[in-house]
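Participant: Here you go, sequence then predicted model.
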Amino acid sequence: MDHDNATRKDFLKAAGAVSLGGALLAACGSSSSGSSSAAPATSAAAAGTTAAASTETIKVGLLNALSGVLSITEKSIYDGSMLAIEQVNAAGGVNGRMLEPITEDYASDFTIAVQKAQKLLTEDKVAIVIGGYTSASRVAMIPTFQKNNALFFYGTYYEGLECDPNTFYGGATPNQFLVDYVPWILKNLGKSIYIVGSDYLYPRTVSAIVQKLAKDNGGSIVGDQYFPLGTTDFGSVIADIGAKKPDVVFSNLVGDSTPAFYKQFRAAGYTPDKLPIAATVTTEVEVQAMGADNAAGNYMTSTYFQSLDNPANTAYVAAMKAKYGEDTVTHMPQVGTYDAVWLFANAAAKIDGDITTEALSAALIGATYDENPEGQPITVLANHHCNHPSYVGKANADGQYDVVATFAPTDADPFPSVIVPENKRPTCPTPFKPQ
Amino acid sequence: MQTLINIIAQGLSLGGVYLIGALGLTIIYGVMGVVNLAHGELIMLGSYVMALTVSTVSFPVAVVLSFVLVAGFGVVLDTVLIRFLYHKPVASMLGTWGLAIVLRQTVILLLGPQLRYVALPIAGSFALGYGALVSWWSMLLFVVAMLIAVAIGLILVRTRFGLKMRAVTANSDAAESIGIATRNINRWTFALGCGLAGVAGALVAPLRTVFPGMGLPYLVGAFLVVILAGLGNVRSTVIWSLLIGLTFSAVAITRDDITATIVVWCAALIVIAFRRTSVVVSRV
Amino acid sequence: MLHFIRRARTADMRVQIAIGVVLVAIAIVVPLVTSSFVVGFFALTFPLAILALSADMMWGEGRLVSFGQGLFFAAGGYIGGLVLIGKQYDVSGSALSFLSEDTQQPLMDRVLQQLHDLAIGGVPIPALILPAMICGVVGLIIGMIVFRVASPEVYFPLVTLGLGVVGGLWFNDLSNVGASNGLGGIPSFTAEMGPQQDPIYNYMFNLAFVIVAFVGWAYFRRSRRGQIWRGTGDDAIRLEALGYSVRRQRVLAFGASAALAAVAGALYAGTSGYMGPSIAGVAFSAEVLIWVAVGGSGRVLGPLVGVLVVRWGQQFLSSNLGLQQSWQLFMGLALILVVVVAPGGLLGIRIEPLRKRLFERGETKA
């Protein structure tokens, strides 16, 4: 049949489909309370609880990639935030009001992330959105928060070089762990460094900082290679490392590249006593994936390790395992997001009356959470970032890290003077630009 | 000299990985005209079979299991989906893309999204002279890939099944009319293609990372080979797989991986641009 | 408008125009009866509909499946985004700028600022024209290289796949546009028209472009050039024998398709405030094709219906039904279902015996 001729059938179909879609959207969309989604399926107790439009709960948006490539790590970050919400509610909520989590999945697709953020802010009218994982996810969502005059709490460590007025940063910036880590490496592992990293902003920024710090402390860089995300074939760079003979390999590889690299490196004959790897993103999740024997003996810097021996962490790990299973692994970005929920709750408790963006923004600065699994209370600073301790860990045969060095906590500085020239440092947070 | 040896060793190993991926793609298209975009996910399934069974059975048994289970799954897939897509390139692309999504998400739901670990059966490396080191396993990958290619070639040329496969590839209507059960040939060829993917997944698992999304890079690599080698031609596939592996490795070792990817794809575009296999005479 | 109707000699053309009018009427009424979220949802989805149309331009009539539309969409978004911002660097977009001592405003910034100021009625027009021009030319050049091959139906998709891979890698490293973080903080085209918290301005602006694009496409299909273009898909050899250059048709079509995708990208960047390298990649381009397949390729409204059904379906399954972890599974199943049961897409559903259609040879012409 010649598809060029529009028949009445086509007319009905087309108009029908579009109207149906629009009408259904309208029906679902225009009722402000009707479209809150249920709690996720992870905990057995959570059935589909539809929320009535109640002034007794505070809605908190949780926006993470629960499916797709990013979900490998982001799902466990989400788990951490859900635990925090449970704990806050168990402790009586925020001034008697319970937190109501509204879960959204952006499926590792940033066009969906923008949509979901919009939905959380305009439909559900949440008090704050907590989540995100990669910097790209954060940068994609920020314009929506600015347009709607809302706040976003990002819990994962990142490369810094940003200070958005609508965003709070629960994770560490490179100055908080690199400034001590690199001199430690030069002193304990060797002077010549070969850097490998995944190809995006975080590894490149860390590499720039490492190179500067190394040169300032008498070290040298013999290689600096980047690999697209998802690369799992490292034969060529391992061959190059063999040729350049560094004292230590500095790894900023992320995601599934990390276990692949470690395994292939070990398979090629490099053991940590001959050539150790010092990493910034080889968390307990990656160690679990590569097998403890491939990780053992290599180093990692972090503001948090699952093996940290302090009361807050013992309680935290126990609670996570009780909720999610004995095999559950806890790691840095998860703890950052867990802290973010608690910081929000503690800040909101200080507010009399409605939780508006202005009030919350002011209350968050100076907010504290004492049971921070990192080992000391976490506080939000005026530049919207937090203070963190830092540690150097050495992987052991059980797949955990033994802490071999502890450094005093430092305040976050997203524009560290070690790499950012004085004339380029903006005020932090940067002034709000209405869209 | 060390660099040259490294380039050759890494290039052959990488070429072997490309080859395994491309072989399945190419025989499936050749015989039944289906562009199988779920090929990466079939490799992923093979890796998962390995990851889940290797702690209870020995490694070689796990490899055989990967072949059998994924091939068996291929028969099921053919019955419920693939046979509606024969000789429809566009529909098969979209249908198998949907299949890929379904497979990926099902694995995430049933087994969780986390990365999994498979131990190397043969660890360590050996020296190739001039200070070049290569791991045993990556050399093994190359050898196995070549063996698989030879096996396919022999099947095609020396067995009755292979003869029928070639007949169906050449002209399935004519084949049907002389009594060849094309229905069966199609089904078993698809199963064979899946089984190969399963074996590929089982073998790469120890050196890489097993997780639901691991399949896509293999698909892209396989496509690259197929663009240049042509669909349905085994010998050409072998040659181009190794060529691409060596080229990539040469640029990657001397410069970096990203440049290597760009160079390889641009080179592929150029090669196609100068091909003269036109049926339609095209003027400017 | 009247001239158009007078020229509509055939009944079906009048029906087409009637469909169009009804749809436009619905589109105008929607913001009045729905919430601001729905309006915002449509505002974000309209550029995607134009993107889907650009894919169908090659596919529906020309039988050429492009995996590269995401690339041009992203490129258009970047170019348009830079002009909309008026300079290269923005605090949340290009962090690497902080690592250099350079304080003098680079030449490119001055050029971008000039382009940004070339506004008509407050709308920076170059942000739309520049993406179309640049991507159109790139499309023409790529087309000239690619369409020398025989059976482009098979090689064209594979080559555009490669383009998507390389393009994604390249954008990921381009610090002028924020590298892997992407370009954030892009102001809207309608920034001068009203407060951006209200999505109605973007809605209306993008709707205008959707109308122009789809009406233009419908008109083109009926025109003589459109008929020739359909000929390249139906029977290229015969067309060539009649004296038309199939290759030139394809090259021009690809250039136009790239330009349209770029305009869609610029619109999207202005509406969402963001454009990133992941959007240039193969996965997103494949999604675009899914939209077209679901709606029905080769039909004027196919891309629009497909986009709305799929995006709204995603939204419904994941948010309203709470199926956060399994909704992608349903999308995959739906795609399989559409391809097998309704290969002509939703607009091509026919009440023929299913069995006959499932097993017939060759691509089903909807």
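Facilitator: Sure thing, it's come through. Numbers count the residues shown, from 1 in each chain, chains lettered A, B, ... in the order given.

Participant: Residue B:59 reaches residue B:137, doesn't it?
Facilitator: No - Residue B:59 is beyond contact range of residue B:137, at 11.2 Å (criterion: CB atoms under 8 Å). Placement of C-beta: from N, CA and C, glycine included.

Participant: intersection of neighbour lists for these two?
Facilitator: Common contacts of residue B:59 and residue B:137 (CB atoms under 8 Å, 6 or more residues apart in numbering or on different chains): residue B:121.

Participant: Where does the prediction get shaky in the chain?
Facilitator: You didn't pick a chain, so chain A it is. Within chain A, the ranges that satisfy pLDDT under 70 run A:1-55, A:432-435.

Participant: To clarify, I was referring to chain C.
Facilitator: Using pLDDT under 70, the flagged stretches of chain C are C:1-12, C:87-106, C:149-151, C:154, C:175, C:320-325, C:350-366.

Participant: Quick check: what element follows the longest helix anywhere in it along the chain?
Facilitator: Longest helix in chain C, counting residues (DSSP state H): helix C:246-272. Per DSSP states H and E, helix C:246-272 leads on to helix C:282-295 as the next helix or strand towards the C-terminus.

Participant: quick one: the strands in chain C?
Facilitator: With DSSP state E, the ranges of strands along chain C come out as C:119-120, C:123-124.

Participant: circling back to that earlier point, neighbour-wise, which of residue B:59 and residue B:137 wins?
Facilitator: Per other CB atoms under 10 Å in any protein chain shown, whichever of residue B:59 and residue B:137 has more neighbours is residue B:137, with 22 against 18.

Participant: Assess the claim that that one and residue B:119 are in contact.
Facilitator: No - using CB under 8 Å, residue B:137 makes no contact with residue B:119, being 10.9 Å away.

Participant: shared neighbours, the two?
Facilitator: residue B:206.

Participant: closest point of the stretch 101-250 of chain C to chain A, which residue?
Facilitator: For the stretch 101-250 of chain C, the residue closest to chain A is residue C:180, as judged by CB to the nearest CB, at 3.2 Å.

Participant: go on, the stretch 101-250 of chain B?
Facilitator: For the stretch 101-250 of chain B, CB to the nearest CB, closest residue to chain A: residue B:115, 3.1 Å.

Participant: could you pull out the helices for the stretch 151-300 of chain A?
Facilitator: Using DSSP state H, counting those that start in this stretch, the helices of the stretch 151-300 of chain A run over A:175-188, A:201-216, A:235-244, A:257-267, A:284-290, A:292-295.

Participant: The fifth one and chain B, are they touching?
Facilitator: Yes - using CB under 8 Å from any CB of the partner chain, we find that helix A:284-290 touches chain B at A:285, A:286, A:288, A:289, A:290.

Participant: List just the nearest of the residues you listed to residue A:195.
Facilitator: Using CB to CB, residue A:286 comes nearest to residue A:195 of the residues of helix A:284-290 next to chain B, at 17.6 Å.

Participant: wouldn't that closest one be in contact with residue A:257 here?
Facilitator: No - counting by CB under 8 Å, residue A:257 is not a contact partner of residue A:286; they are 9.3 Å apart.

Participant: Tell me where the model's unsure across chain B.
Facilitator: Checking chain B against pLDDT under 70 turns up B:129-131, B:231-232, B:273-284.

Participant: Tell me how far the longest helix of chain C lies from the chain's centre.
Facilitator: Averaging C-alpha positions (CA atoms, centre = their mean, to the nearest Å) puts helix C:246-272 7 Å from its chain's average.

Participant: and it with helix C:282-295, angle?
Facilitator: Counting by axes from the mean of the first three to the mean of the last three CA atoms, to 10 degrees, helix C:246-272 lies at 100 degrees to helix C:282-295.

Participant: If you count contacts, what does helix C:246-272 end up packed against?
Facilitator: Judged by 3 or more CB pairs under 8 Å, 6 or more residues apart in numbering or on different chains; DSSP states H and E, helix C:246-272 is in contact with helix A:110-118, helix A:135-147, helix C:36-59, helix C:69-85, helix C:126-146, helix C:200-222, helix C:224-234, helix C:236-241.

Participant: Tell me what residue A:252 is bridged to.
Facilitator: residue A:197 (DSSP bridges).

Participant: Spell out which residues sit in contact with it, please.
Facilitator: Per CB under 8 Å, 6+ apart, neighbours of residue A:252: A:195, A:196, A:197, A:198, A:202, A:203, A:206, A:207, A:279, A:280, A:281.

Participant: Residue A:328 now?
Facilitator: A:76, A:79, A:320, A:321.

Participant: same for the one helix or strand residue B:165 maps to, what does it pack against?
Facilitator: Under the criterion of DSSP H and E, residue B:165 resides in helix B:160-170. If you count contacts as 3+ CB pairs under 8 Å, 6+ apart, helix B:160-170 packs onto helix B:2-32, helix B:136-158, helix B:172-177, helix B:182-204.

Participant: Other residues contacting the second one?
Facilitator: Read it as helix B:136-158. A:235, A:264, A:267, B:9-10, B:12-13, B:15-17, B:19-20, B:23, B:27, B:120-126, B:161-162, B:165-166, B:196, B:199, B:203-204, B:206-207, B:234-235, B:237-238, B:241.

Participant: For residue A:282, which non-adjacent residue is spatially closest?
Facilitator: Residue nearest to residue A:282 in three dimensions, not counting chain neighbours: residue A:300, with 5.1 Å by CB to CB, 6 or more residues apart in numbering or on different chains.

Participant: looking at it, the one you found is touching residue A:395, isn't it?
Facilitator: Yes - Residue A:300 is in contact with residue A:395 according to CB under 8 Å; the separation is 7.0 Å.

Participant: Between those two, which contacts overlap?
Facilitator: A:282, A:401.

Participant: which residues are in contact with the helix holding residue B:165?
Facilitator: B:27, B:30-32, B:154-156, B:174-175, B:178, B:180, B:182, B:185-186, B:188-189, B:232.

Participant: tell me the most buried of the strands of chain C?
Facilitator: Across these, the average number of neighbours (mean count of other CB atoms under 10 Å in any protein chain shown) peaks for strand C:123-124, which reaches a mean of 21.

Participant: Report the distance from that one to the chain centre.
Facilitator: 21 Å.

Participant: what's the answer for stretch C:158-172, then?
Facilitator: Worked out by CA atoms, centre = their mean, stretch C:158-172 lies 17 Å from the chain centre.

Participant: Please apply the same query to stretch C:328-348.
Facilitator: Distance, centroid of stretch C:328-348 to centroid of chain: 20 Å (CA atoms, centre = their mean).
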